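Peer 1: need a 3D model of the sequence below.
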Amino acid sequence: MKRVFLIVLDSVGIGEMPDAKEYGDEGSNTVRAAATSAYFNMPNMDKLGMFQIDGLTDMNKGTEPKTGAVARMTEASKGKDTTIGHWEISGIISDSPLPTFPEGFPRELLDEFEARTGRKVICNKPYSGTEVIKDYGREHVETGALIVYTSADSVFQIAAHEDVVPVSELYRYCEIAREVCSGKFGVGRIIARPFEGEYPYKRTSNRHDYSLVPPKKTMLNILSEAGFDVLAVGKINDIFAGSGITEMVRTKDNAEGIERTLEYMKKDFNGLCFTNLVDFDMVYGHRNDPDGYAKALSYFDEKLPELIAGLRDEDILMITADHGCDPVTPSTDHSREYTPLVMCGAHIKKGTNLGTRDSFADIGASILDYFGIKEGIKGTSFLSEITE
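Peer 2: Here you go, the predicted structure:
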């Protein structure tokens, strides 16, 4: 019985890619930004070798031999959002970015959405999720109109107060939006953003994402079709629209995501446990909060020994990211960055450094290779270079 635990630290980028200027992200480096905070402390990731990755070597503090294998991952797809990043990790390289709407959504799209929901739309601009409820929350509560907004990413977000629009009804509106947003309007994700309380209001943990179904088979489909388990923790099920997933659990924050992963470590299964820890991105990156980001990284590092202790002899732990979200740049959006890959396990060669890889898809190809599947997705396996 073999198991791979793949944990995505959502938005934990490690430096601008060569084409970052094309995305407005020159100078972005999410980990270095967080490291400016006095709360930044990652000794356990350091021991595994994270700070021997290309571009981070000057941050290496340990002198003892490293106990893991590492690489710097390059995003080959066009884009810098969650959907594109996770799809590439799983073997789909996207030649064109998903559509974005920097001027708001076209009237023809909103007319259909309003007709099908029976509610008017307000805002319709790129906006910060916390600021939009401050600026439009009162109007929404008074009129019942839905707050629809977007960002630099390919998203159609709907915010509503839980006392005005029950969560189940908001989810139904999101399902309608998923149907309406197709073709040229096919955004990567429809996101429910419920909030509560009195002005200035507070977002709740009942966020729910409705993603496009991946256009091709991913490693998740290939594994599940071959009879392996594919367990999804956090928003992984949402990102892949459930495709290829055999069991899932949603989480409200990083702490719960880690706990659900630890619970799966205690269970017998044969296959992949795929976890997304979203707080880095959603709570700290998009809010330009380097101290909060640093605390979240330090908390994950504190829990890392427990995750490593949960590994069995044939298990592999892989820790990576899907894009950046530098918390000290003027932008509050994702950034076009390299991502880290840190791996450990009983049969992982200690101190291995794979340098800079050409695509996130090498992760998916290597996972399939570990389960004896040699073809099926983009990417080049590095399994033989890290195992003994």
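
Peer 1: neighbouring contacts of the biggest helix by length in the chain?
Peer 2: Longest helix in the chain by number of residues, with DSSP state H as the criterion: helix 290-309. Contacts with helix 290-309, where a contact means Cβ atoms under 8 Å, 6 or more residues apart in numbering, come from 5, 7, 9, 12, 30-31, 33-45, 48, 254-255, 258, 261-262, 265, 277, 279-280, 283-285, 317, 327-328, 344. The C-beta positions use only the backbone N, C-alpha and C, and glycine is treated the same way.

Peer 1: again, but for stretch 365-384
Peer 2: 2, 4, 6, 71, 88, 90-93, 216-219, 222-223, 226, 228, 271-272, 316, 318, 354, 357-364, 386.

Peer 1: go again with 6 Å.
Peer 2: Residues from elsewhere that reach stretch 365-384, judged by Cβ atoms under 6 Å, 6 or more residues apart in numbering: Val4, Gly91, Ile93, Met219, Ile222, Phe228, Leu354, Ser359, Ala361, Asp362, Gly364.

Peer 1: next, format those as a markdown table and append distance to Leu297.
Peer 2: Converted to a markdown table, the contacts of stretch 365-384 look like this (distance: Cβ to Cβ, whole Å):
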| residue | distance to Leu297 |
| --- | --- |
| Val4 | 23 |
| Gly91 | 27 |
| Ile93 | 28 |
| Met219 | 27 |
| Ile222 | 32 |
| Phe228 | 31 |
| Leu354 | 22 |
| Ser359 | 25 |
| Ala361 | 25 |
| Asp362 | 24 |
| Gly364 | 25 |
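
Peer 1: of those residues, which pair is most distant in space?
Peer 2: Pairwise distances among these were taken by Cβ to Cβ; the largest, 24.5 Å, belongs to Phe228 and Leu354.

Peer 1: for the lowest-mean-pLDDT helix or strand in the chain, which strands pair with it and how are they oriented?
Peer 2: Lowest on mean pLDDT, DSSP states H and E among the helices and strands of the chain sits strand 208-211, with a mean of 90. Taking DSSP bridges as the criterion, strand 208-211 pairs within the sheet with strand 189-196 (antiparallel).

Peer 1: alpha carbons of the strand it pairs with, as CSV, please.
Peer 2: Taking C-alpha atoms only, strand 189-196 is exported to CSV below (Å, rounded to 0.1, in the frame of the first residue of the first chain):
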residue,chain,number,x,y,z
ARG,A,189,-14.3,30.0,-10.4
ILE,A,190,-17.6,31.2,-9.2
ILE,A,191,-17.1,31.9,-5.5
ALA,A,192,-19.8,32.3,-2.8
ARG,A,193,-18.7,34.9,-0.2
PRO,A,194,-21.2,35.0,2.6
PHE,A,195,-20.8,37.6,5.5
GLU,A,196,-22.6,38.3,8.8
